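J.: Predicted structure and sequence below. I'll ask about it afterward.
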Amino acid sequence: MYVAQERRAYILRLLQQRGSVRSAAMAQELGVTDETIRTDLVALQAQGLLERTHGGARYILPLTPSTQAGNVRLELQLAELAARHIDEGMHLYLDDSPFALALVATLHDKPCKLICCAVDALRHLQAAALPHEIYCPGGRLDKASGLLLPDSGSLRQEVRVDAAILSPTALRPKAAAFPTRARAQLAASAAQAANRVFALVPAAALSDIAPHTVELETSLLFTENALPPGFDDMPRETVPYIAPEDVIREASFDY
């Protein structure tokens, strides 16, 4: 008989291999009740390690260590919105934000070509059992930012980009800000090379500030419906805003 920790580790291994699992099959395979498996899936979803579906669960890429558990719900919601605008076979530039990684997992049935320059994100992408092709433009490693910077300074000469998926630290209607100069320059380069720019940004970041700002025309903004002044005319899709203090944090609560 598996103890809870062993059982959940086994479920995650199967999810990485198969992409999805059925609760009833898992219960039969592990010799436990359906309710036990449901409890396991709720616990793993609360950690941002999977997404529960009707009758089972599907794999999502692990979120970065800096991600707070309370943000997992928002990351998945915005990723689901953005996924509706992506077709199989598209070439997508990704940053290393939790939103981008959640989006990749959401596209498990739409294999795409992923272009990424972030070392940590590449490790996650390569470890996941997902059907996407992964591409990294050649260049030098910038140790300060953890990015592989193209020698040319631009992605345009190296690869076609159908959509750049960006999550800047702060966003304005025609500008975006990032924590380092290298990240700002690479985001600007990706935006110039892309046919469209999708920004997945929490509402709080729409009024934040960050040290390195670049001009950025956003094709479509995915955020919460708590827009500050100045964003009303931007093409956007939103999810309901829930203030952090309003989130019920109980292990048994299914977010």
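T.: Arrived safely, thanks for sending.
J.: State the number of residues packed around residue 212.
T.: 18 (other Cβ atoms under 10 Å). Heads up, the C-betas are built off the backbone N, CA and C, glycines and all.
J.: can you pull up the bridge partners for it?
T.: When bridges are called by DSSP bridges, residue 212 pairs up with residue 178.
J.: need the next SSE after the helix or strand bottoming out on mean pLDDT in the chain, C-terminal direction.
T.: Least confident helix or strand, the chain: strand 139-142 with a mean of 68, by mean pLDDT, DSSP states H and E. Next helix or strand after strand 139-142 toward the C-terminus (DSSP states H and E): strand 147-150.
J.: Output the contacting helices and strands for that next one.
T.: Here strand 147-150 touches strand 139-142, helix 181-193, going by 3 or more Cβ pairs under 8 Å, 6 or more residues apart in numbering; DSSP states H and E.
J.: So, low pLDDT: which residues of the protein?
T.: 1-2, 16-17, 61-71, 127-129, 138-141, 143, 150-158, 242-255 (pLDDT under 70).
J.: Let me know which of the helices and strands packed on strand 147-150 is tucked in deepest.
T.: Ranked by mean neighbour count, these are led by helix 181-193 with a mean of 22 (mean count of other Cβ atoms under 10 Å).
J.: and the angle for the helix or strand following it with helix 181-193?
T.: Downstream of helix 181-193, the first helix or strand assigned by DSSP H and E is strand 194-200. Angle of strand 194-200 versus helix 181-193, following axes from the mean of the first three to the mean of the last three Cα atoms, to 10 degrees, is 130 degrees.
J.: And strand 194-200, what's buried?
T.: 194, 196, 197, 198, 199, 200 (16 or more other Cβ atoms under 10 Å).
J.: contacting residues around the fifth one?
T.: The contact partners of residue 199, by Cβ atoms under 8 Å, 6 or more residues apart in numbering, come to 166, 167, 168, 171, 176, 216, 218, 220, 221, 222, 223.
J.: Relative to residue 178, how far out is the second one?
T.: For residue 167, the distance to residue 178 equals 10 Å [Cβ to Cβ, to the nearest Å].
J.: cool, and the first one?
T.: Separation of residue 166 from residue 178 (Cβ to Cβ): 9 Å.
J.: Compare these two (neighbour count), which wins?
T.: The neighbour comparison of residue 166 against residue 178 (other Cβ under 10 Å) goes to residue 166, with 28 against 24.
J.: and that one, bridged to which residues?
T.: residue 199.
J.: Quick check: neighbours shared by residue 166 and residue 178?
T.: Joint contacts of residue 166 and residue 178 (Cβ under 8 Å, 6+ apart) are residue 187.
J.: Show me what counts as buried in stretch 93-112.
T.: 93-108, 112.
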